[in-house]
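J.: have a look at this fold, sequence not included:
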């Protein structure tokens, strides 16, 4: 099967790419508006993009054509956000935060979550999340109707037990992130893993 995503099949791009380019990690982003109200929302068009400096990128789509989601609007106004990672224990709460709530209503109490203060940015992190990255906006690029937020990671929080204290490698018996699979509602667990050392 062949698709012309720049031409006649352009309207199929989301269905095809969001279904095939998987698994994707989930950025569970907390932001604050200018009045200090906290917003939380998940985005699976996300990944770490580099380490010198440490940068991440995620793409919050628009609410409607030309109208940014609260997350993108808050970042544009404050320049700060936290990326919280999602594991099996927080999957249901993450899904609840994707609900469309009334303007000004926070997803945090709606999803039964709690907040912890950040150190270098104003938006708090989600207490239940096993990993949180405090970020400052580097830039936001608009490409067509896409919006790509690039953030520099200034502080990393990791729940005790996730990393081996001697090697700082992840303990896969403790850390169970989930991934986004095909649309509209499929996710995956990451317990079934295998090692494949690089050739020398």
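T.: All right, it came through fine. Note that this is a predicted model, so its numbers are computed, not measured.
J.: can you give me the strands for this protein?
T.: 27-32, 38-43, 46-51, 54-58, 62-64, 67-68, 80-84, 115-116, 125-126, 131-143, 146-158, 178-180, 187-189 (DSSP state E).
J.: next one: the residue nearest the centre of the chain from residue 180, what distance?
T.: What sits nearest the mean C-alpha location of the chain, by CA atoms, centre = their mean, is residue 27, with 0.8 Å. Computed with CB to CB, to the nearest Å, the distance linking residue 27 and residue 180 is 10 Å. Any C-beta I mention is one placed from the backbone N, CA and C, and that applies to glycine too.
J.: got the phi/psi numbers for the closest residue to residue 179 other than its chain neighbours?
T.: Once flanking residues are discounted, residue 179 sits nearest to residue 23: 3.0 Å by CB to CB, 6 or more residues apart in numbering. Here the main-chain torsion angles of residue 23 (degrees, to the nearest 10) amount to phi -80, psi 150.
J.: correct me, but residue 23 touches residue 186?
T.: No - taking CB atoms under 8 Å as the contact criterion, residue 23 and residue 186 are not neighbours in contact, 9.6 Å apart.
J.: any shared contact partners between those two?
T.: Taking CB atoms under 8 Å, 6 or more residues apart in numbering as the contact criterion, the residues that touch both residue 23 and residue 186 are residue 180.
J.: wouldn't the residue nearest to the centre of the chain be in contact with residue 56 here?
T.: Yes - taking contacts as CB under 8 Å, residue 27 lies within contact range of residue 56: 7.2 Å.
J.: and for those two, which residues touch both?
T.: Each of 46, 83 lies in contact with both residue 27 and residue 56 under the rule CB under 8 Å, 6+ apart.
J.: report the buried residues of stretch 130-147.
T.: For stretch 130-147, burial by neighbour count (16 or more other CB atoms under 10 Å) applies to 130, 131, 132, 133, 134, 135, 140, 147.
J.: and which of those residues is nearest to residue 36?
T.: residue 134 (16.8 Å; CB to CB).
J.: state the distance from the closest one to residue 110.
T.: Note on residue 134: its distance to residue 110, by CB to CB, is 23 Å.
J.: what do you get for residue 29?
T.: Noted for residue 29: a distance of 16 Å to residue 110, by CB to CB.
J.: more crowded one of these two?
T.: residue 29 (30 against 14; other CB atoms under 10 Å).
J.: count the neighbours of the residue nearest to residue 81 when sequence neighbours are not counted for me.
T.: Of all residues beyond its chain neighbours, the one nearest residue 81 is residue 31 (4.8 Å), with distances taken as CB to CB, 6+ apart. For residue 31, the count of nearby residues is 27 (other CB under 10 Å).
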